[in-house]
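J.: generate coordinates for the sequence data below:
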Amino acid sequence: MTSNNLSKDHVDVVVIGGGSAGLGAAIALGRSLRSVVVVDAGRPRNAPSDHAHNVLGREGISPVELVAAGRAEAIAYGVRFVDDAVSEATRAADGFSIATASGREIVARRLILATGLVDVLPEVDGVAQCWGKTVLHCPYCHGYEVRGQCIGILATGPMATHQALLFNQLSDDVTVFAHTATPDVESLKQLAALGIPVVEGEVSRLDREGTEVRAVVLADGAEYPLDAVVVGPKFEARAQVYEWLGGEVTEHPMGYFVETGLMGKTPIDGVWAAGNIADLSAMVSVSSGAGVMAGAAVNADLVAEDAATALELAAVR
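T.: Numbering: from 1, shown residues only. Model (predicted):
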């Protein structure tokens with residue numbers, strides 16, 4: 001069950017974010033008998049998707065079902081959950097003080113950020129409405145489901161040609177719509193050599209039925225029937241807590257992220273990061289694994305600190 005009665009608590013670790021990365025970290029720590037609270041605002045990036053893929057042993061599972069199963073596993077190891085947003089994060093004498101929107105305060109010795117990222121979509125009518133269904137970005141997450149179909153690549157940045165090549169592996173009916181980012185000369189040659197047409201002109205909207213794409217409609221009114229559209233979102237890490245603590249995000253051609261070292265350690269002492277906040281390309285299984293590694297690293301750090309404290313106490317006896 002979810003704990004909703006924490007006014008002020010002292011724990012070993014607070015994990016912010018209850019998706020795959022956060023749950024992976026929480027379970028690793030719970031299995032090491034650490035006191036752990038997961039604070040989760042309930043805004044999973046993959047909420048629009050019906051299925052998660054490349055998850056070993058759970059291929060095609062609903063993201064909602066996957067998180068529910070992970071929560072149950074974490075709770076079985078003593079992890080507590082607070083369904084709330086973090087409103088403030090500061091340094092405390094004994095670690096970090098985390099305040100939530102509903103007024104809880106949790107003090108933790110260590111902090112793991114697993115808050116993920118936000119997909120900033122192209123501002124084309126129909127893209128947001130079909131996102132995660134028939135508007136896609138990753139061939140490994142959803143490409144198999146549109147194999148052999150008529151696929152359009154909406155070019156908004158430098159990755160459009162790369163996406164076209166990847167989806168061309170899955171279908172012989174791929175078209176690039178130049179939109180706001182016409183491919184360079186070399187890319188055009190490469191696309192032509194592979195028989196991938198490029199349509200000039202800005203896209204005004206997607207013709208759709210519910211979440212099903214039917215066609216791309218250009219500003220001049222021309223329509224091109226399609227089954228799926230591939231876009232290149234800007235990936236913005238949910239890094240507000242990190243910035244509150246004095247951290248700085250790292251720019252990336254596709255957005256920005258929190259840069260980490262070995263096993264997710266950030267430049268801020270006592271803070272680790274795992275999942276999409278630190279790796280913009282991480283899929284569900286990768287995020288989960290990164291969370292486990294971050295959890296293991298935090299436990300080892302706490303073990304070392306406890307041993308050093310014990311040694312100091314023994315020296316003064």
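J.: which residues does Arg205 bridge with?
T.: For Arg205, the beta-bridge partners are Asp125, Val217 (DSSP bridges).
J.: now Ile196: how far from Cys130?
T.: According to Cβ to Cβ, to the nearest Å, Ile196 stands 22 Å off from Cys130. Bear in mind the C-beta positions are built from the backbone N, C-alpha and C, glycine included.
J.: other SSEs contacting the longest helix along the chain?
T.: Longest helix in the chain by number of residues (criterion: DSSP state H): helix 284-316. Secondary-structure packing of helix 284-316 (3 or more Cβ pairs under 8 Å, 6 or more residues apart in numbering; DSSP states H and E): strand 8-16, helix 20-30, strand 105-113, strand 271-273.
J.: considering these, which stretch scores lowest in mean pLDDT?
T.: In terms of mean pLDDT, the lowest-scoring of these is strand 8-16 (a mean of 93).
J.: now do the buried residues in that strand.
T.: Using 16 or more other Cβ atoms under 10 Å as the test for burial, strand 8-16 gives Asp9, Val11, Asp12, Val13, Val14, Val15, Ile16.
J.: so the second one touches Arg110, yeah?
T.: No - contact between Val11 and Arg110 fails when scored by Cβ atoms under 8 Å: they sit 9.3 Å apart.
J.: which regions of the stretch 1-150 of the chain sit below the pLDDT cut-off?
T.: Applying pLDDT under 70 to the stretch 1-150 of the chain flags residues 1-8.
J.: quick one: the strands in it, in order.
T.: Secondary structure of the stretch 1-150 of the chain (DSSP state E, counting those that start in this stretch): strands located at 8-16, 36-40, 80-83, 86-92, 95-100, 105-113, 117-120, 135-136.
J.: closest to Glu236 out of those strands?
T.: strand 117-120 (4.8 Å; Cβ to Cβ).
J.: show residues contacting the closest one.
T.: Residues from elsewhere that reach strand 117-120 (Cβ atoms under 8 Å, 6 or more residues apart in numbering): 45, 131, 137, 233-238, 255, 257, 276-277, 280.
J.: hmm, try it at 6 Å
T.: The contact list for strand 117-120 (Cβ atoms under 6 Å, 6 or more residues apart in numbering) reads Pro233, Lys234, Phe235, Glu236, Ala237, Asn276.
J.: rewinding a little: CSV for the strands of the stretch 1-150 of the chain, including distance to Ile61?
T.: As requested, the strands of the stretch 1-150 of the chain are arranged in CSV below (distance: least, Cβ to Cβ, whole Å):
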stretch, distance to Ile61
strand 8-16, 22
strand 36-40, 19
strand 80-83, 20
strand 86-92, 28
strand 95-100, 29
strand 105-113, 24
strand 117-120, 21
strand 135-136, 18
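J.: of these, give the one that comes closest to Asp207.
T.: strand 135-136 (12.6 Å).
J.: what's downstream of that closest one, the next helix or strand?
T.: Later in the chain than strand 135-136, the nearest helix or strand by DSSP states H and E is strand 151-154.
J.: partners of that following strand in the sheet?
T.: strand 174-177 (parallel), strand 228-230 (parallel).
J.: residues contacting it, please?
T.: By Cβ under 6 Å, 6+ apart, the list of residues contacting strand 151-154 reads 160, 163-164, 167, 171, 174-177, 179, 216, 226, 228-231.
J.: domain map for this protein?
T.: 8-119+234-316, 122-230 (automatic domain parsing).
J.: the last one: end-to-end distance?
T.: Counting by Cα to Cα, to the nearest Å, you get 11 Å between the two ends of domain 122-230.
J.: also stretch 115-126?
T.: 27 Å.
J.: again, but for stretch 203-221
T.: Stretch 203-221: ends 9 Å apart by Cα to Cα.
J.: state the mean pLDDT of that stretch.
T.: 97.
J.: buried sites along that stretch?
T.: Val203, Ser204, Leu206, Asp207, Arg208, Val213, Arg214, Ala215, Val216, Val217, Leu218.
J.: contacting residues around the third one?
T.: The neighbours of Leu206, taking Cβ under 6 Å, 6+ apart as the test, are Gly126, Val213.
J.: repeat for the fourth one
T.: Neighbour list for Asp207: Arg214, Ala215, Val217 [criterion: Cβ under 6 Å, 6+ apart].
J.: ok, Ala297 touching Leu262?
T.: No - Ala297 lies out of contact with Leu262 (Cβ atoms under 6 Å); the separation is 7.5 Å.
J.: more neighbours: the two, which one.
T.: More crowded of Ala297 and Leu262, by other Cβ atoms under 10 Å: Ala297, with 21 against 7.
J.: can you report how many residues lie near the nearest residue to the more buried one once chain neighbours are set aside?
T.: Closest residue to Ala297 apart from its sequence neighbours, by Cβ to Cβ, 6 or more residues apart in numbering: Met263 at 3.7 Å. Using other Cβ under 10 Å, Met263 has 17 neighbouring residues.
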